[in-house]
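In: return atomic coordinates for the entry below.
(one chain, ligands or ions: 1)
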Amino acid sequence: MEKDFDVIVIGAGVIGLSISYELSKKYSVGLIEKNKRYGLETSSRNSEVIHSGIHYPTGSLKAKLCVQGNELLYEFLRENNILHKKTGKLTVVVKEDEIKEIERLYKQGIENGVPDVKIIEKNGIKSFAPEIEGVCALYTASTGILNVHYLMDCLYEKFLNNDGIVGFDEKVINIEKKNSIYLVETEKGKYYSEIVINSAGLYAEQISNKLGFNYEVFWVKGDYFTISKKYNIPLLIYPVPMKEGLGIHLTPRLDGFLRVGPDVEYVEKNYPPYSNEKENSIFKIEERKKEFFYNEIRKFLPEIKIEDLNSESYGIRPKLQKKGEGFKDFVIKEELSGFINLIGIDSPGLTCCLSIAKYVKNLIS
Ligand SMILES: Cc1cc2nc3c(=O)[nH]c(=O)nc-3n(C[C@H](O)[C@H](O)[C@H](O)COP(=O)(O)OP(=O)(O)OC[C@H]3O[C@@H](n4cnc5c(N)ncnc54)[C@H](O)[C@@H]3O)c2cc1C
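Out: Below you'll find the model as predicted:
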């Protein structure tokens, strides 16, 4: 059987694009995407934060790939003139009993190799953001923000320049292994390759099932509001993390306004992801959350007024932990010779896109 490509990558989100670009330096790569364009799902529905790596248990893939990915991403953004800002971030303690947790995070950050982490006293907080109130804070200098659309445009262009081939509007419906070659079948055709990478985001679990590898993935929605009033808050402001998620935080967007969120809401897998939002009355759902968001934010930004919050958008993460369960790591694994699964690529997936690509390259070589 003749192969069409050395590698087929399923899914053109930021992860599939990064892997395709990295592998196209050495292999012939076909990238298959069910939508009409790249990056229309989770990759364009997130906070656009370049995380530092303090939040993940030492030794986990998330910790390693985040610290490495943070550095690789800044380098790539600089080299390719992609809009971004290394703003830094404050995780603000608002109650004395949160101090222990901030000390634990500080220690974990150092152990994970995060550069420039320090504890800031109460008075120091004002020198970063005068309107923010807190008991003390943890500062990470390497946290920042980027424009994820420009990043994906750049990865896509570089992939094409390396003779990468893309099939849009092609949903993968089956995969089979025939001797040492994989047959990847879409609604439009059949393609053969030696290696298949499953980076199908929310649907990676379904693709994996086709070859008999079963995972249980949960869909966890996060809503965002925007603050209409301009504040002098040039860096990210986070609360001390909640049990699920990092807590409702403030992210300065590149247009100067503040984004608030996301929250953590487990939803059914038939939740209408990313289509006809307005018709799906998604904005009503967000309105129901306004008071909760307001109460979370005013703990460290007492000046905020509820009427300043406007519903913005939402994203859905594929999470491996059930509601109430603790930390779960990314699954990035060669399940069968030549078949690599990427399952549960939730946050900090965007930060890790380039380090994940290198990790996958190492797995196949
Ligand atoms: C609310 C929220 C906030 C976040 N904030 C951050 C953040 O600030 N920083 C950070 O580092 N990370 C963040 N993340 C995580 C980050 O967005 C994801 O880890 C990353 O975007 C995952 O990219 P992906 O390419 O795996 O998935 P996706 O972008 O979902 O791409 C998967 C692609 O596969 C395609 N596909 C699916 N099934 C098929 C099929 N059968 N055939 C063909 N194609 C298929 C889809 O159409 C899609 O285009 C956040 C996530 C959410 C939801």
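In: Gly13 against Tyr203, yeah?
Out: No. The pair Gly13 / Tyr203 is not scored as a contact, 10.6 Å apart, by C-beta atoms under 8 Å. For glycine as for every other residue, the C-beta is placed from the backbone atoms N, C-alpha and C.
In: which of these two has more residues huddled nearby?
Out: Gly13 (26 against 19; other C-beta atoms under 10 Å).
In: can you give me the pLDDT of that one?
Out: According to the prediction, Gly13 has pLDDT 98.
In: Glu312 now?
Out: pLDDT, Glu312: 87.
In: who are the contact partners of it?
Out: Asp223, Tyr224, Phe225, Thr226, Arg259, Gly261, Glu286 (C-beta atoms under 8 Å, 6 or more residues apart in numbering).
In: burial count for the residue of the stretch 101-250 of the chain found nearest the ligand?
Out: Ranking the residues of the stretch 101-250 of the chain by distance to the ligand (C-beta to the nearest ligand atom) places Gly201 first, at 2.5 Å. Residues near Gly201, counting by other C-beta under 10 Å, number 28.
In: which helix or strand in this structure has the lowest average pLDDT?
Out: Least confident helix or strand of the chain, by mean pLDDT, DSSP states H and E, is helix 282-297 with a mean of 79.
In: setting the sequence-adjacent residues aside, check what's closest to Lys171.
Out: Lys34 (3.9 Å; C-beta to C-beta, 6 or more residues apart in numbering).
In: in three-state terms, label that neighbour for me.
Out: Secondary structure, DSSP: H, G, I helix; E, B strand; the rest coil: Lys34 is coil.
In: the one 4 residues further on now?
Out: Going by three-state DSSP, the secondary structure assigned to Tyr38 is coil.
In: for Thr351, see how far away it is.
Out: 19 Å (C-beta to C-beta, to the nearest Å).
In: cool, His55 as well?
Out: His55 is 11 Å from Thr351, by C-beta to C-beta.
In: cool, and Glu176?
Out: From Glu176 to Thr351 the distance is 34 Å (C-beta to C-beta).
In: same question for Gly201.
Out: From Gly201 to Thr351 the distance is 16 Å (C-beta to C-beta).
In: likewise for Tyr139?
Out: 18 Å.
In: same for the longest helix along the chain, what does it pack against?
Out: As assigned by DSSP state H, the longest helix anywhere in the chain is helix 61-79. Helices and strands touching helix 61-79, by 3 or more C-beta pairs under 8 Å, 6 or more residues apart in numbering; DSSP states H and E, are strand 49-50, helix 99-112, strand 144-146, helix 353-364.
In: how about low-confidence regions in the stretch 151-300 of the chain?
Out: 242-244, 272-286 (pLDDT under 70).
In: again, 50 this time
Out: By pLDDT under 50, the weakly predicted segments of the stretch 151-300 of the chain are 276-283.
In: the ligand contacts on that one?
Out: Lys171, Val172, Ser199, Ala200, Gly201, Leu202, Tyr203, Ile207, Gly222, Pro262 (C-beta under 6 Å from any ligand atom).
In: one step back: could the helices and strands packed on helix 61-79 go into CSV alongside mean neighbour count, mean pLDDT and distance to the ligand?
Out: Shown next, in CSV, are the helices and strands packed on helix 61-79 (neighbours: other C-beta atoms under 10 Å; pLDDT from 0 to 100; distance: least, C-beta to the nearest ligand atom, whole Å):
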stretch, mean neighbour count, mean pLDDT, distance to the ligand
strand 49-50, 24, 98, 3
helix 99-112, 16, 97, 15
strand 144-146, 23, 97, 8
helix 353-364, 20, 98, 7
